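Trainee: got a sequence here, can you build the structure:
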Amino acid sequence: MSARWWRSVAVVVSCANHCYYCLVAHGQAVRQLSGDPELGEMLVMNYRAALLAETAAFFNMSNRMASATDMIPNPEYHKANR
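Mentor: Below you'll find the model as predicted:
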């Protein structure tokens, strides 16, 4: 599976878990890997419109780790690939 697909699933799980760090970081990676800024934003804002599944358990765990440690995204993620 492509890195874009994995990152897309990460964004969806992060959205469901309200994980700010992961939404910003993985959303940026989707924009970069796909070359489609709208895809990254759509997944963050309305992930139900995308056809994704399977690896959600892994990203659930990583979201919980990021949330538990109060990880803050790097500032460059916010402005990258917009």
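Trainee: let me see the contact set for the one residue sitting closest to the centre of the chain.
Mentor: By Cα atoms, centre = their mean, the chain has its centre lying nearest to Val11, at 2.4 Å. Neighbour list for Val11: Cys22, Leu23, His26, Gly27, Val30, Gly40, Leu43, Val44, Tyr47 [criterion: Cβ atoms under 8 Å, 6 or more residues apart in numbering]. Bear in mind the C-beta positions are built from the backbone N, C-alpha and C, glycine included.
Trainee: just the buried residues from those residues, in PyMOL please.
Mentor: In PyMOL syntax, the buried subset of the contacts of Val11 is picked out as below (16 or more other Cβ atoms under 10 Å):
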select buried, resi 22+23+26+27+30+40+43+44+47
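Trainee: could the contacts of Val11 go into a markdown table alongside distance to Met71?
Mentor: A markdown table is the format used below for the contacts of Val11 (distance: Cβ to Cβ, whole Å):
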| residue | distance to Met71 |
| --- | --- |
| Cys22 | 8 |
| Leu23 | 11 |
| His26 | 12 |
| Gly27 | 15 |
| Val30 | 18 |
| Gly40 | 19 |
| Leu43 | 19 |
| Val44 | 17 |
| Tyr47 | 20 |
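Trainee: closest to Ser67 out of the contacts of Val11?
Mentor: For the contacts of Val11, the residue nearest Ser67 by Cβ to Cβ is Cys22; the value is 8.5 Å.
Trainee: circling back to that earlier point, just the ones of the contacts of Val11 in helices?
Mentor: Counting by DSSP state H, these place Cys22, Leu23, His26, Gly27, Val30, Gly40, Leu43, Val44 in helices.
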